[in-house]
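1. need the 3D shape of this:
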Amino acid sequence: MGIEISVKVGHPINDEVERVLGLAEAIGEPITVTFMWEWRAEAERAVLVPAATLALWEHWSSTAYPAVQGGREASRAEAEDPELANPMEFGAFTLFRRRVGGRTAVARDNVVVAELLDPAEAHWLQERARFVREGSMDPKQRAAFEEFLARQAPFDDQ
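-> Coordinates of the predicted model:
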């Protein structure tokens, strides 16, 4: 999926994070990122999806990614993290961790420019959007196709 980049993130500010966020915004493609936060023992993998790309995926997918915990679907209330973390600033970018869904919004100048998603959710959204988009026709295309079918000889006459 897109570009794969590994980033070791320091606290509180690291120019490397700002460069990766800027790169994602500039190329407009999803970037898989591995964060090595100082205060965590294990790495966190996420897909940084530009806001316009995510909006397109969510438009075509038309359903939300199911939250799965322990092999079963979890309700939105169960998926909520009770602790509210402070936003993290990396140069011109600010990361806002969402309590519901586990996503992190990336904002610059008070505008969300990208979101960090779980890799499984990003893949699911991308595939679902592709499947739905490929199976739909715009109204003009549908009318032209129906006209084409109407001009065809009946199957029995062939």
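
2. ranges for the strands of the chain?
-> Secondary structure of the chain, counting by DSSP state E: strands at 3-7, 31-35, 44-50, 68-69, 72-73, 88-90, 93-97, 104-108, 111-117.

3. tell me the most buried of these?
-> Among these, ranked by average contacts under mean count of other CB atoms under 10 Å, first place goes to strand 44-50 (a mean of 21). All C-beta spots, glycine's among them, are computed from the backbone N, C-alpha and C.

4. so for that one, mean pLDDT?
-> Confidence for strand 44-50, expressed as mean pLDDT, is 87.

5. also stretch 90-99?
-> 82.

6. out of the strands of the chain, which is closest to Met137?
-> strand 44-50 (26.3 Å; CB to CB).

7. counting by contacts, list what the closest one packs against.
-> Where contact means 3 or more CB pairs under 8 Å, 6 or more residues apart in numbering; DSSP states H and E, strand 44-50 is packed against helix 15-27, strand 31-35, strand 111-117, helix 119-134.
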